[in-house]
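Colleague: heads up, no residue letters with this:
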């Protein structure tokens, strides 16, 4: 498991390139950090994440979060992409890490914007439908406290907007609502 400290650009006080003080410039979606000393500029681009909609017929597998943000909320398998990792490779890795299972039959389901809990960090969730192997045995990591299969049409609200929107979109496409 990776330990990552994520901060919003609004918290950037010093330039990562030259160490001088930065300024916050622009308004709304155009807000960005600039360094007057060296010209470094950083926009508040969303961080890519994956959303694994693990299906078994008309049921979806959900995990209860054991840690903040949104501790106790229901979530999907998924996470932040790292390095040169593809979204598909990330989701397979996250499946192995979070539930001890290799996800199969990944099919792209859409992109969904979100904010990572109370951090203010913008994310863009790359959602995939997928399945577990028939003989899969779920073993949770310490990231989650429990798992459950829910009918698509009768599932609890999800912890993050991208997961919620992806699941809602899937439900409306499959007519399970």
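Modeller: Thanks, I have the structure now. The structure presented is a predicted model; accordingly, all values stated were derived computationally and were not measured.
Colleague: separation between the nearest residue to residue 40 once chain neighbours are set aside and residue 39?
Modeller: The shortest distance from residue 40 to any non-neighbouring residue, by Cβ to Cβ, 6 or more residues apart in numbering, is to residue 17 (4.5 Å). (Glycine included, C-beta is placed from N, CA and C.) According to Cβ to Cβ, to the nearest Å, residue 17 and residue 39 sit 9 Å apart.
Colleague: Near residue 53, how many other residues are there?
Modeller: By the criterion of other Cβ atoms under 10 Å, residue 53 has 25 neighbours.
Colleague: ah, wrong one, I meant residue 171
Modeller: Residues contacting residue 171 under the criterion other Cβ under 10 Å number 19.
Colleague: does it count as helix, strand or coil?
Modeller: The three-state label given to residue 171 by DSSP: H, G, I helix; E, B strand; the rest coil is helix.
Colleague: What is the neighbour count of residue 121?
Modeller: The burial count for residue 121: 18, using other Cβ under 10 Å.
Colleague: follow-up on the earlier one: compare neighbour counts for residue 17 and residue 39 and give me the winner.
Modeller: residue 17 (13 against 10).
Colleague: gap between that one and residue 48?
Modeller: Relative to residue 48, and taking Cβ to Cβ, residue 17 is found at 23 Å.
Colleague: got it, and residue 104?
Modeller: 22 Å.
Colleague: which residue sits farthest out from the middle of the protein?
Modeller: residue 37 (34.7 Å; Cα atoms, centre = their mean).
Colleague: Check it and give its pLDDT.
Modeller: At residue 37, the model reports a pLDDT of 97.
Colleague: quick thing: my sequence starts at 32, can you match it?
Modeller: Will do, 32 is the new start, and the previous item becomes residue 68.
Colleague: Surely it touches residue 51?
Modeller: Yes: taking Cβ atoms under 8 Å as the definition, residue 68 is a contact partner of residue 51 at 3.7 Å.
Colleague: The longest strand seen in the chain pairs with which strands, parallel or anti?
Modeller: In the chain, taking DSSP state E as the definition, the longest strand is strand 135-146. Here strand 135-146 is paired, per DSSP bridges, with strand 153-162 (antiparallel).
Colleague: List the buried residues of the partner strand.
Modeller: For strand 153-162, burial by neighbour count (16 or more other Cβ atoms under 10 Å) applies to 153, 154, 156, 157, 158, 159, 160, 161, 162.
Colleague: Kind regards, and thank you for your time.
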